[in-house]
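Asker: predicted model follows, preceded by the sequence.
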Amino acid sequence: MTEYCLDYLITGKAKKAHLALTKEISGKFNILDVGKRTLPHLTIKYLGDIRKKSELNCLLDFIKKVAKAEKFVPIDLKGFSNFGKDVIFVDVKTSKKLDDFYDKVYAGLIELKFVEKLEKVEGKNMHFHATLCAQDINKNFEEIFNFLKTRIFCINLI
């Protein structure tokens with residue numbers, strides 16, 4: 001099974017700050033460091049299990065077209081939030097530019113018949129975020145979240 005996901009990578013000082021915070025949380029609470037498994041990012045679309053070379057080539061052509069048209073989308077990372085007690089993340093303040101970019105990319109991706117659709121968490125239900133910790137945090141959730149309340153995370157990528 002080969003699963004794919006389209007992400008918008010976080011770069012520069014935001015990347016550095018995000019990686020430092022995930023490492024600090026991991027060490028302080030003895031949990032997995034998400035920064036060791038994946039680069040800081042905003043998930044644009046979970047694409048599903050793509051096995052056919054023709055489908056993968058079609059997807060790559062679409063991504064190249066988008067990358068050529070959109071070089072940079074400004075984002076604001078500000079504050080912390082969570083999805084239940086399983087995921088804690090840096091929140092992303094939406095903007096018209098980010099929403100327009102996402103709508104354009106999402107509309108093109110869901111036109112591809114082989115791309116899995118997850119309407120519950122995407123499209124109009126998308127919540128942009130950059131995960132700090134997940135999976136093994138349930139029993140430490142309150143302690144981790146209280147620790148983050150003492151921190152400030154506010155970076156504009158303009």
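Answerer: Yes, it's here. Residues are numbered from 1 along each chain as shown.
Asker: can you map out the helices along this structure?
Answerer: 12-29, 34-37, 53-69, 96-110, 141-148 (DSSP state H).
Asker: of all the ones you listed, which one is nearest Asn82?
Answerer: Closest to Asn82 of the helices of the chain, according to Cβ to Cβ: helix 141-148, at 6.7 Å. Heads up, the C-betas are built off the backbone N, CA and C, glycines and all.
Asker: shaky segments in the protein?
Answerer: Applying pLDDT under 70 to the chain flags the ranges 1, 157-158.
Asker: pick out the residue nearest the middle of this structure.
Answerer: Geometric centre of the chain, nearest residue: Leu42, 2.4 Å, by Cα atoms, centre = their mean.
Asker: residues touching that residue, list them.
Answerer: Applying Cβ atoms under 8 Å, 6 or more residues apart in numbering, we find Leu42 in contact with 7-8, 10, 75, 92, 128-130.
Asker: quick one on the thing from earlier: kindly reformat the helices of the chain as CSV containing mean neighbour count and distance to Lys124.
Answerer: Shown next, in CSV, are the helices of the chain (neighbours: other Cβ atoms under 10 Å; distance: least, Cβ to Cβ, whole Å):
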stretch, mean neighbour count, distance to Lys124
helix 12-29, 16, 26
helix 34-37, 16, 27
helix 53-69, 12, 20
helix 96-110, 15, 9
helix 141-148, 15, 27
